[in-house]
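Undergrad: Give me the fold of what follows.
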Amino acid sequence: MPPVYVQDDEDHEELDDDDDERHEDEDDPLSAEEQLRVDIWSTSKTGPLGRTTLFMNHLKTMPDLVIAQKLVNIIKFMADVQMDTTTFLHYLSWNLEIPAAETSIEGTIRYARTALMHSEQLPGILNRWYKPPRPHQRGVRTRAARAAMDAWALNNVTARINREMRLFAPQLLSPQKELSEEHLLSIRLKDDIPKMQAAQPTFWKLMHSLSCTPLQEKRNKYKDHSARIFMIGSMLHYGRSHNRCRYQKLLSIYLKASGLAAKANDTTHLFGLTMSQKWVYTGIERISESNRHRMLDDVLKHIFFGGHNNLNLAFRIYEQRMNKQSHFNSGTAGTIYIVKDASVKPPDRVAYMKQRTRECTNPLTALDIFHKANEYGPRLYEQRIYMVMQLLLQAPAFADWEYKNHSAFDRPAPVYQLPVGQEHATVQYMLDTVHMEEASQEGNRQVLEEWLRQLSLSGDKGTQEPALSRLLVWIGDQLTTVRIRSIKKDRAFDMNFVQRFERFFEIFGWFHAQIAQEFSMHKQYLGSSENLGLKHAFENMKRKGLNTTSVQGNFHYSFRDALKHTAEARFRDVWSVAAGVEDLAELRERMPAQLRQLAKQIVDRYASTEALVELREAGKSRAQQDDLFDVSVQFNRDTLDYLDLDDCMKTGDVGRMEYLLPCLLFRFHGGGSHKYAQEILELMQGLWREWPADLRSFIMRFCWLANTTGLENGFLAFDMVQEHNIRDIKVIFAVLGPFATWDYIKKISASIPTQRKIKHHVEREFNHFRRGLSHTSPDHERDVSELQSKYHEAEAHVHKPGCHLTSQHKVKDFIAIGSNPKTLQAMIDRWASKRVKSKSDAEVFDDVDILIQRFKDKMCTDSSSDATVI
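TA: Residues are numbered from 1 along each chain as shown. Predicted structure coming up:
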């Protein structure tokens, strides 16, 4: 019997290396059988695997028949001891209870069992048991152990996957009642996929093998099945427990925000992909309530301001009744914006009221405005040169120009640049939408009181607290600011600043100011084909729906694009005329400094007020007049003003926006936009006269432009943010069906910012490589090239003395008319006369009725008592 090697048994005694029982004269060579026995003894220290390897190498040298005879001998021997292969393997496989004292027997059996369990041949043995080779020419296929092994494998794989799923379950655990914006936005698919792969390797390998064939796996270079496999696992977990629903919650809110119908949600819920429709409705309401509480907390902790605008909704009824009819209603949507910068101090309301009282009798004059225009002129001039150069570099001929990024083409330094980054992204909360019109003064009063009630700031109680007595900046369109101003005038003699609505500080939104500028340019330059006006450009570029202005639909975006493309076509023609070239590609041969110098000449001669003055002085003689060239220069100048405002609003340079105020005033005054001319005057009076430094800085830094993403070039006016919120209420997250009522819209409005964030979050996490968040703009090069050729053929930018236009085709110069000192000062005087008014400075929060009566009696005896001028 060979020596016994017991694995992992430290008490077993083995032969020492120097033990040798041969005699000294025993040097005869060993036979093959004796050498095998020696080799077996020498490999006993390497364990059972070494002996198996030695046996296999020895048997490979024998013919198969010899090996078969050995098997027969072993089978016969087992039969002699009343055993067969089945019973041998059965008892070898841990089915014996051997007394502890029988260590030799236990060691031998364990030695043999270890050799089998850890041998390299075991997988091959199992494969042969599962699928033995098919005998040739017998017509019989051996079943072997396929059925038993299938059942065994299925049971073991199932048990293993069950263990793995229990291990990963905490990662998906999320009680159904737990729902918040932070919780949903914290779900990261790219972080959870590796966790599932690590915790459920068997499940992952199985799903991966099912997701593609080996051939597909080999040739696939781009497709990744990870997200698909993860969602299958998530759905299976949700089937085991309704609390393993992190991704079901996220997808339910996402699909609801994307407009998924109730019946479609029922289908996805059946598949385990989403929560139930009832949960979705409850979840949206819970998000709204959570956002309301967060808003109230932030209002007490941080500086805030807000704005509102009207909302028009059409309610359609498909089964009419006396009390159920299709109708059109107006409401109001409001938004609160939070400033979470701890270093910013709120504007001092008392200091503002004192400075306003002191300076309101000192209105701006036309001379003050001209001085400001001259002061700001050089910086605006540099910006125009930059824009003219950029219009050239956007041409296809300069797409691959080696000097395109030369420092000569750098953007001028900003005047007052707003910061960017996620920490500076605008934080907003939507107020509950209300069924109140805000077109009238009384409607605005009710709306403002409703907003104060929602903010828990209504009434006179607690108005001595700092958080409740701060100045509340309120942003709206021109009509909203006028209505709020009228409310404050009508209630100027109430008992305290709350009743006098002095908490509200109204300013107009720049988006509506830009629309007013567009309407003014449309009115001025629509013209006809004869004077190459905007109508001529719209017809040649086939831009429909722009012949009449509209505040609805996409007029703003369509008109802005058309105006930009018209400017590109005009200035490309100007470049070719000024440089004396037929093709802009010829300018590639010039150095950047030369092109910059040429850009200055273009601004001076083809797009400036100075050039117009020179032309009109020279054109006093009818023979020297060129009306078409005059219109072209005037249009180029005014278009650069528009592009400048659009650019600084996009990039966040609020300092340059202030610099453009005189230009806007001249345009609105000269073009007959008197309401916005007065709003610009109000703004300039505040910036340059009545606002303390802290209020001026706060307004410019926080209340002109928002940046909801924190990205560069992601700025937009706050009233446009409000318009986006209204669009979301009406279209993106619209309430449809029988529950589309004002009450339900009010209930869920606060959830819209969260729905929007979740929508973007899911699309970024799941579809980041498939589709962007916005549509690709179609190429406009053909439009610009066609229009440029029209201007070139008409010689629009070539001075031709004697070229006259009829009176109906001549274009007024709104800037020249608006900058006339006499008419400008007269307009300022009219504005100032309507603005000055007496008001009370009382701050009494006691019994209102008694004090009002006392105040009225006192006013009757002394009209100047407790009164100041604003």
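
Undergrad: which residues of the stretch 401-550 of the chain score low on pLDDT?
TA: Scanning the stretch 401-550 of the chain for pLDDT under 70 picks out the ranges 459-468.

Undergrad: any idea where the helices of it begin and end?
TA: Using DSSP state H, counting those that start in this stretch, the helices of the stretch 401-550 of the chain run over residues 441-454, 478-490, 510-525, 534-540.

Undergrad: okay if I get these as CSV plus mean neighbour count and distance to Asp694?
TA: (Glycine included, C-beta is placed from N, CA and C.) Output for the helices of the stretch 401-550 of the chain, formatted as CSV (neighbours: other Cβ atoms under 10 Å; distance: least, Cβ to Cβ, whole Å):
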stretch, mean neighbour count, distance to Asp694
helix 441-454, 19, 23
helix 478-490, 19, 21
helix 510-525, 21, 21
helix 534-540, 20, 43
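
Undergrad: Can I get those helices in JSON lines including distance to Gln825?
TA: Putting those into JSON lines (distance: least, Cβ to Cβ, whole Å) gives the following:
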{"stretch": "helix 441-454", "distance to Gln825": "30"}
{"stretch": "helix 478-490", "distance to Gln825": "23"}
{"stretch": "helix 510-525", "distance to Gln825": "21"}
{"stretch": "helix 534-540", "distance to Gln825": "32"}
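
Undergrad: which one of those helices lies closest to Gln422?
TA: For Gln422, the closest of the helices of the stretch 401-550 of the chain is helix 510-525, at 23.5 Å, according to Cβ to Cβ.

Undergrad: From the contact counts, what lies against that closest one?
TA: Other helices and strands packing on helix 510-525, by 3 or more Cβ pairs under 8 Å, 6 or more residues apart in numbering; DSSP states H and E, are helix 534-540, helix 555-579, helix 627-651, helix 661-670, helix 674-685, strand 716-717, helix 718-727.

Undergrad: and the ones you listed, which is most packed in?
TA: Mean neighbour count, computed with mean count of other Cβ atoms under 10 Å, is highest for helix 661-670 among the helices and strands packed on helix 510-525, reaching a mean of 25.

Undergrad: that older thread, for the helices and strands packed on helix 510-525, give me CSV that also has distance to Leu392.
TA: Converted to CSV, the helices and strands packed on helix 510-525 look like this (distance: least, Cβ to Cβ, whole Å):
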stretch, distance to Leu392
helix 534-540, 19
helix 555-579, 5
helix 627-651, 14
helix 661-670, 24
helix 674-685, 32
strand 716-717, 27
helix 718-727, 30
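
Undergrad: where does the protein dip in pLDDT?
TA: In the chain (pLDDT under 70), the answer is 1-49, 135-141, 222, 459-468, 619, 768-775, 836-837, 846-870.

Undergrad: what ranges do the helices span in the stretch 1-150 of the chain?
TA: So, for the stretch 1-150 of the chain - with DSSP H, counting those that start in this stretch - the helices run 32-42, 48-59, 64-80, 85-92, 103-117, 122-130, 146-172.

Undergrad: Actually, the stretch 701-850 of the chain.
TA: Using DSSP H, counting those that start in this stretch, helices in the stretch 701-850 of the chain cover 718-727, 742-748, 752-766, 781-793, 814-818, 821-835, 848-861.

Undergrad: Out of the helices and strands packed on helix 510-525, which gets nearest to Ala145?
TA: helix 718-727 (67.4 Å).
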